[in-house]
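Engineer: Prediction below, plus the sequence it came from.
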Amino acid sequence: MTEWQFERDQVECFRFVRSGIDPHSGEIALVYAFDQGPELVERLRLPGAPFQWSELQRLAVERSVQLLHWLAGVSYYKAAVPKQIQIESGEMDQHTADFLQQVYESGLGEFAYRNGLNLHGQIRFRPNAEVLAEAPALQLQDKALTAIGGGKDSLVSVETLRAAGVEQTLAWVGQAPLIRSCAERTELPTLQIERQLAPQLFEFNRRGAYNGHIPVTAINSAMLTVAALASGKRWVVFSNERSASYGSLIAGTGEVNHQWSKGWSFEQAFAAEARRRLAADLEYFSLLRPLSELAVARQFARTDRYDGHFSSCNRNFHILGERPASRWCGVCPKCRFVFLALAPFVSKPRLVGIFGRNLLDEPEQVAGFDALMEYQDHKPFECVGEGRESRAAMAALVESAVWREDALVARFRREILPKLDSAESDMSALLQPSTEHGIPAQIWSRVDARFRT
Ligand SMILES: CC(=O)N[C@H]1[C@@H](OP(=O)(O)OP(=O)(O)OC[C@H]2O[C@@H](n3ccc(=O)[nH]c3=O)[C@H](O)[C@@H]2O)O[C@H](CO)[C@@H](O)[C@@H]1O[C@H](C)C(=O)N[C@@H](C)C(=O)N[C@@H](CCC(=O)O)C(=O)O
Ligand SMILES: Nc1ncnc2c1ncn2[C@@H]1O[C@H](COP(=O)(O)OP(=O)(O)OP(=O)(O)O)[C@@H](O)[C@H]1O
């Protein structure tokens with residue numbers, strides 16, 4: 001018999017083979033395969049083992065690992081996007097199948113667009129069980145497991161929860177030193193979840209697998225949910241802002257959202273699925289959902305504690321390859337956007353100190369800033385704010401004596417500002433918290449006032 005080789009267009013079926021957690025070691029194995037190919041094993045390790053769980057808690061943890069298995073499968077499924085999906089372990093009812101279909105289809109929206117694929121209605125999870133029983137409450141404790149990503153957003157949540165007196169542990173997935181450095185800087189309890197993708201994925205990539213963005217926040221959300229249930233915590237807190245719900249408008253295609261799994265639709269769907277199948281008293285939410293990116297930037301400006309540690313530049317988070325020499329590359333959409341969003345709220349010397357340069361005085365970056373403002377281009381496929389936020393931030397800088405002469409601000413004043421409606425240059429409306437969020441009332445009552453200043 002000839003040895004199985006990955007041939008992208010020959011693959012017929014993606015298989016969810018099995019998954020499990022060992023309570024003695026905290027090791028999690030997520031096993032997948034294409035057709036009769038080798039097992040693809042993703043491994044994670046949850047610290048804190050050996051675990052001693054009640055029977056109900058054990059069941060909830062095992063189900064959460066099952067949900068993680070289904071969500072993390074997107075990394076492998078995308079390599080060939082075969083027509084058939086086969087569930088070989090775990091019970092899946094119609095609700096869960098619909099949820100996964102939504103995550104795969106919307107979460108792979110940018111991937112599909114860039115690869116010229118049409119996945120609408122093509123991804124089918126078939127239930128293997130009647131509607132399953134709802135999960136009981138587990139008497140979880142009023143404690144937060146707060147996701148930390150090394151950027152400004154999660155640090156705003158950390159400081160907001162600290163000011164509100166909420167007991168929290170900071171958790172992250174993966175081995176990024178920058179996240180560890182930020183987490184340690186908080187001086188709060190931390191929890192690092194090690195993660196290793198199945199090594200064959202990189203080999204498949206070399207052999208012509210489809211590649212592109214996956215809904216990584218969905219995977220991190222499921223992973224933190226496992227950790228919260230394993231340690232009896234009620235609140236799984238993410239830091240996804242209101243602006244994350246809006247994608248890039250592509251002529252002829254419509255909206256494509258790079259950060260779909262950071263958006264409100266995903267948050268609601270995941271929170272509902274976790275409550276329904278894992279624990280009735282588990283609360284998954286984003287603390288920053290009511291805020292725009294500009295409002296988050298204003299909150300970040302309150303303290304300089306993390307200036308020498310944080311970065312929003314994605315170059316810091318590659319699995320393979322060397323670590324970048326500088327925390328901010330200075331030439332990617334995220335660097336540009338964070339510089340622009342912070343500029344109205346942070347002193348100029350402080351901001352230039354963080355980045356080591358003044359991005360708004362670099363005329364060669366004009367096209368990059370235009371894309372952020374959705375001027376002659378679409379919003380980049382990155383976690384950046386809405387075009388109107390970038391335009392409002394620029395308009396605010398025009399009014400500032402310390403920024404107005406910098407090359408890109410001066411060019412905005414000459415060329416773009418005259419074409420804008422005056423409402424477009426008013427930042428105050430964008431700074432108001434919105435009412436659409438899933439923050440538990442008990443926490444909202446303690447953070448609402450802070451979010452207004
Ligand atoms: C660090 C980064 O931005 N990576 C994106 C990049 O991948 P690249 O090949 O340059 O490097 P690696 O991240 O090392 O990935 C190697 C291969 O592994 C695949 N992969 C990685 C993680 C995973 O969970 N599943 C995977 O299948 C990856 O596809 C590579 O083949 O470009 C990729 C293609 O566009 C992106 O998929 C990589 O993004 C990572 C998954 C990632 O962690 N990115 C976050 C920094 C990120 O983008 N966060 C979002 C949050 C929004 C969301 O939830 O979608 C953001 O900041 O925009
Ligand atoms: N490796 C990770 N493990 C767990 N959660 C993560 C990880 N990376 C990012 N997150 C979380 O995912 C959400 C989105 O990430 P995002 O990169 O937008 O946030 P950030 O790093 O806090 O800020 P910034 O937008 O400035 O980069 C945040 O809640 C963040 O804490």
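Structural biologist: That came in fine, so what should we check first? Ligands and ions are numbered 1, 2, ... in the order given.
Engineer: And for whichever residue of the stretch 351-453 of the chain sits closest to ligand 1, the neighbour number?
Structural biologist: For the stretch 351-453 of the chain and ligand 1, the shortest gap (Cβ to the nearest ligand atom) falls at Cys383, measuring 3.5 Å. The C-beta positions use only the backbone N, C-alpha and C, and glycine is treated the same way. Under the neighbour criterion other Cβ atoms under 10 Å, Cys383 is assigned a count of 23.
Engineer: Pro136 now?
Structural biologist: 12.
Engineer: what do you get for the one 10 residues further on?
Structural biologist: The local packing count at Thr146 equals 29, with neighbours defined by other Cβ under 10 Å.
Engineer: hang on, the earlier thing: distance check, the nearest residue to the residue of the stretch 351-453 of the chain closest to ligand 1 once chain neighbours are set aside against Lys83.
Structural biologist: If the residues on either side of it in the chain are set aside, Cys383 comes closest to Gln259, at 4.9 Å by Cβ to Cβ, 6 or more residues apart in numbering. Spatial separation of Gln259 from Lys83 under the definition Cβ to Cβ, to the nearest Å is 28 Å.
Engineer: Check whichever residue of the stretch 201-350 of the chain sits closest to ligand 2 and give its pLDDT.
Structural biologist: Nearest to ligand 2, among the residues of the stretch 201-350 of the chain, is Ser312, at 3.2 Å (Cβ to the nearest ligand atom). Per-residue pLDDT puts Ser312 at 94.
Engineer: which residues touch it?
Structural biologist: Gly150, Gly151, Lys152, Asp153, Lys334, Cys335, Val338, Cys383 (Cβ atoms under 8 Å, 6 or more residues apart in numbering).
Engineer: and if you look at Phe345?
Structural biologist: Going by Cβ under 8 Å, 6+ apart, Phe345 touches Ala297, Arg298, Phe300, Ala301.
Engineer: same thing but at 7 Å, please
Structural biologist: Residues in contact with Phe345 (Cβ atoms under 7 Å, 6 or more residues apart in numbering) are Ala297, Arg298, Ala301.
Engineer: Kindly report the same for Leu291.
Structural biologist: In this structure, Leu291 makes contact with Glu241, Arg242, Pro433, Phe451, judged by Cβ under 7 Å, 6+ apart.
Engineer: Identify the single longest strand in this protein, thanks.
Structural biologist: Scanning the chain for the strand with the most residues, using DSSP state E, yields strand 13-22.
Engineer: That strand: partners in the sheet, and parallel or antiparallel?
Structural biologist: Each strand paired with strand 13-22, and its direction, by DSSP bridges: strand 27-34 (antiparallel), strand 84-87 (parallel).
Engineer: Downstream of the longest one, the next helix or strand is which one?
Structural biologist: Where DSSP states H and E defines the elements, the next helix or strand beyond strand 27-34 is strand 40-45.
Engineer: one step back: can you tell me the SS state at the residue of the stretch 201-350 of the chain closest to ligand 2?
Structural biologist: For Ser312, the assignment made with DSSP: H, G, I helix; E, B strand; the rest coil gives coil.
Engineer: returning to that earlier point: didn't the residue of the stretch 351-453 of the chain closest to ligand 1 look like it was pressed against Ser261?
Structural biologist: No - using Cβ atoms under 7 Å, Cys383 is not in contact with Ser261; the gap is 10.9 Å.
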